[in-house]
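Q: mind looking at a prediction? Sequence and model below.
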Amino acid sequence: MIEKVNPCHPDKVADRIAGAIVDLAYSVENDPKIAVEVLIGHGVCQAIIETTAKISEADVAAAIFRIAGTVRADILIVPQDKRLSDNQKCGFRCGDNGIFKGMPLTAEQWELSQTAREIYVKYPYDGKYIMDGGRLIVCQSNAPTSALRAMFPTAEINPLGDWTGGTDVDTGATNRKLGSDMADSVTGGGLHGKDLSKADVSVNIHAFLKAQKTGKPVYLCCAIGDDTVDGVPYAYIVEEAREYIRSVGGFEKFAEWGLF
């Protein structure tokens, strides 16, 4: 059983904005420290940004407008807590406490991910999809139910009929769709809106990739300040995650679909 949402779901819009802001920080510093929370809905976008990077409100607002369209941008940028910043002075160390789980993806999870992408190519609007064994549920906005039924004759299509979604219908918040991003690997830490020193980003990516490689579950924990996780230097885990983020096109692109 798996749920997948597309990049225009309100929660993913929030994730994408947070990712775009992290990209801005990396454009001015090699290893910025940043944490972003975004809440968006009904014509308003609020972004709270804690960071070491010198990013401007104008650039943040431009990213918000590019992704979300015409909204009122309420932006707060503050320095990251000094103690948290000092944690990284002598090299990469875990930026937070956490427990982490990496799980091999199932055939069903891969199939729904591909189905979601197939629909999104034709209808790049708010959508949510569920697969549970032989049951496929497709809720896709701004798409005729008849056209969707032609694509998926046995699926349950738009149970309430044709609809229009997006942030004028529903609010979105950062890291609220982790099941869609991580499948069975969901933990307490969110993937989006944070720099690579944060274990919620790098250790989650490490655990997920290791699980896909080995085909076995991966369970890890760390304390803030740890310089080794899973028997390897934390700096290695950060570089592994950095390469992964680069491979998908940056933090904003990573936020579109998550890890699969």
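A: Structure's in. What do you need?

Q: now do the buried residues in the helix or strand of the chain with the lowest mean pLDDT.
A: Using mean pLDDT, DSSP states H and E, helix 82-86 stands out as the lowest-scoring helix or strand of the chain, at a mean of 83. Judged by neighbour count (16 or more other CB atoms under 10 Å), helix 82-86 contains these buried residues: Leu84, Ser85. Where you see a C-beta, it was placed from the backbone N, CA and C, and this is true even at glycine.

Q: CA atoms of it as CSV?
A: Listed next in CSV are the C-alpha coordinates belonging to helix 82-86 (Å, rounded to 0.1, in the frame of the first residue of the first chain):
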residue,chain,number,x,y,z
LYS,A,82,25.3,30.1,17.4
ARG,A,83,25.6,26.8,19.2
LEU,A,84,24.2,24.9,16.3
SER,A,85,26.6,26.7,13.9
ASP,A,86,29.6,26.0,16.2
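
Q: neighbouring contacts of that helix?
A: Residues outside helix 82-86 that contact it (CB atoms under 8 Å, 6 or more residues apart in numbering) are Lys33, Thr52, Gly95.

Q: could you report the separation of the last one from Asp226?
A: This means Gly95. 10 Å (CB to CB, to the nearest Å).

Q: next step: the contacts of helix 82-86 restricted to strands.
A: Applying DSSP state E to those, no entry is found in strands.

Q: so what pairs up with the residue nearest to Ala155 when sequence neighbours are not counted in the strands?
A: Leaving aside its sequence neighbours, Ala155 sits nearest to Leu136 (CB to CB, 6 or more residues apart in numbering; 4.1 Å). With DSSP bridges applied, Leu136 shows beta-bridge pairing to Met131.
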